[in-house]
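>>> the following block contains a protein sequence and its predicted model.
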Amino acid sequence: DSYVQSSQGFLVCSNTANATLTFTSAMQSHQPALTFKSTKTSWPGIRLIAATKDAESFTDVTFYHGMTKGLDPTYDAGLLRNNSKIDLYTRLIEDNGIDFRLQCLPDNEYANLVIPIGLDCKAGGTVTFSAKLVELPGDCKPYLEDKLTGVVTDFSVETARYTATLAPDSKGIGRFYLYTSKIGTGIPETETSPLLIYSVNREIHIEGLVGANATGHLYDLSGKSIGSYRLQPSTVNIINEKQVTAGAYLFVVQDGEKRFSKKLVLN
């Protein structure tokens, strides 16, 4: 892992302008058994993309045996900034303070992975997230959480999008997180929730006792809010949504500090 095969490239990030790099023969090492890194075989991974109306950036998270939650030299790749309008990146789960374009993680503990996402956007405004998935196993389900809005977007759905509004000169981590399993989001599935949430003929049914200040929220798969509803403190609430376009939605119940969600298909 400490060697790079002849003819294979790499990038160097300098902390000072006009720096001089010297590669001498004394730095060379004879390693005839060293293999070439190849792009012919893809590792399972997630490419997270953030786009504004005139710029786009992406960051990659991949999974492979032998990788760690910390720094994996010659595998994890740092972000090289170039005065871009927008930069998307991750921080290592075992954070070392460096922003990464590529993060490699172990392939045997998806349920435990919570990856900080960083986003720098000079102009601010509307940013739309999407994802491209490569050969992910069935137990790896990528979800993006926006801590500011509380919206969780399921990117295992190919057409999923999430749109967020950023202030000018937005920068750093803390707002967005990528989970590799719904277990990490803290939003239980219906099986472990005290509520039964389902749809019948464009009606959303919530069965189970909720508090006096409980609310319901309907989102499309891009994270856009479709409607918010005050729930009655009873064991049955029914919401009529016949004006909503047929399709898949996320319904979230906020009851005090408790939060439950269910993906619904309204048709």
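Looks like it came in fine. Numbering: from 1, shown residues only.

>>> the nearest residue to Gln31 once chain neighbours are set aside: neighbouring residues, count only.
Leaving out its chain neighbours, the residue that sits closest to Gln31 by C-beta to C-beta, 6 or more residues apart in numbering is Tyr3, at 5.1 Å. For glycine as for every other residue, the C-beta is placed from the backbone atoms N, C-alpha and C. Look at Tyr3: counted by other C-beta atoms under 10 Å, it has 11 neighbours.

>>> pLDDT score assigned to the closest residue to Val236 other than its chain neighbours?
Spatial nearest neighbour of Val236, excluding adjacent residues (C-beta to C-beta, 6+ apart): Glu207 at 5.6 Å. Confidence at Glu207, expressed as pLDDT, is 92.

>>> my guess is the residue nearest to Gln31 contacts Leu34. True?
Yes. Applying C-beta atoms under 8 Å, one finds Tyr3 in contact with Leu34, separated by 5.5 Å.

>>> in terms of helices and strands, where is Ile226?
Assessed by DSSP states H and E, Ile226 sits inside strand 225-230.

>>> residues contacting the nearest residue to Ile226 once chain neighbours are set aside?
Counting by C-beta to C-beta, 6+ apart, Leu218 is the residue found nearest to Ile226 once chain neighbours are left out, at 4.3 Å. Going by C-beta atoms under 8 Å, 6 or more residues apart in numbering, Leu218 touches 204, 225-229, 239, 241, 244, 249-252.

>>> can you do 7 Å?
Listed by C-beta atoms under 7 Å, 6 or more residues apart in numbering, the contact partners of Leu218 are Ile226, Gly227, Glu241, Tyr249, Phe251.

>>> list just the nearest of those to Asp60.
Tyr249 (29.0 Å; C-beta to C-beta).

>>> pLDDT score assigned to the closest one?
At Tyr249, the model reports a pLDDT of 84.

>>> can you verify it is assigned to a strand?
Yes. Counting by DSSP: H, G, I helix; E, B strand; the rest coil, Tyr249 is located in a strand.

>>> tell me the bridge partners for it.
Asp220, Leu264 (DSSP bridges).

>>> go on, Ile197?
Ile206.

>>> thought it was touching Phe251?
Yes. Counting by C-beta atoms under 7 Å, Phe251 is a contact partner of Ile197 at 5.9 Å.

>>> need the contact list for Leu119.
Ala50, Leu88, Ser170, Phe176.

>>> one more pass at 10 Å, please.
48, 50, 57, 59, 86-89, 127, 129, 164, 166, 170-173, 175-176 (C-beta atoms under 10 Å, 6 or more residues apart in numbering).

>>> run the chain-centre distance for the host helix or strand of it.
Element membership for Leu119 (DSSP H and E) is strand 114-121. Relative to its chain's centre, strand 114-121 lies at 8 Å (C-alpha atoms, centre = their mean, to the nearest Å).

>>> if anything else comes up later, I'll come back, but that's it for now.
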